[in-house]
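Sharing a model prediction with you, sequence too.
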Amino acid sequence: MDELAKHVVGPLVAGSPALLARMGAWAAGGELWLARSAIVHQLGYRERTDTGRLFAYCAANAASTEFFLRKAIGWALREHARTDPAAVAAFVERNRDDLSGLSRREALKGVARWSGGAA
């Protein structure tokens, strides 16, 4: 499922912004695998990542007790931290009480290295 989200859904959404509404519906819809796909579909976007959308999807699912959603949140944030470590660190700090320990740990792996030691 993750490979489809990253290599099929991600490029489709990048090429057709009309699909953004679908990603929002998936993120908020309560279906585990669709929400996970919405969270991780921007993997590989790097500078083109819609940070606001990524953070909104992560925040919308932060209270989930589903392991696979918690892991997806951390993974997507960690990958974005390679491009913008300060924004990810700030998001994690702002949402510290809502994010699971797993999501926080995964998100912050490498942040200090990618931000030149600060974080």
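Looks like it came in fine. Residues are numbered from 1 along each chain as shown.

Can you show me the helices along this protein?
2-4, 10-15, 20-28, 32-40, 51-61, 67-81, 85-94, 101-108, 111-114 (DSSP state H).

Report the rounded mean pLDDT for stretch 84-101.
On average, the pLDDT along stretch 84-101 is 97.

now do stretch 4-18
pLDDT averaged over stretch 4-18 gives 92.

can you give me the end-to-end distance of that stretch?
Using C-alpha to C-alpha, to the nearest Å, one end of stretch 4-18 lies 19 Å from the other.

Neighbours of residue 15, how many?
Neighbours of residue 15 under the rule other C-beta atoms under 10 Å: 9. Where you see a C-beta, it was placed from the backbone N, CA and C, and this is true even at glycine.

Contacts only, for it.
Contact analysis of residue 15 by C-beta atoms under 8 Å, 6 or more residues apart in numbering lists nothing.

List the buried residues in stretch 13-30.
Residues 13, 14, 22, 23, 26, 27 are the ones in stretch 13-30 that count as buried (16 or more other C-beta atoms under 10 Å).

which residues touch the nearest residue to residue 98 once chain neighbours are set aside?
Spatial nearest neighbour of residue 98, chain neighbours left out: residue 62 (4.1 Å); criterion: C-beta to C-beta, 6 or more residues apart in numbering. Shown in contact with residue 62 (C-beta under 8 Å, 6+ apart): 73, 95, 98, 99, 100, 103.

swap in residue 80?
Taking C-beta under 8 Å, 6+ apart, one finds 42, 49, 51, 54, 87, 88 in contact with residue 80.

who wins for neighbours among the residues you listed?
Going by other C-beta under 10 Å, residue 88 tops these with 28 neighbours.

now that one: how far from residue 19?
Counting by C-beta to C-beta, to the nearest Å, the gap from residue 88 to residue 19 is 24 Å.
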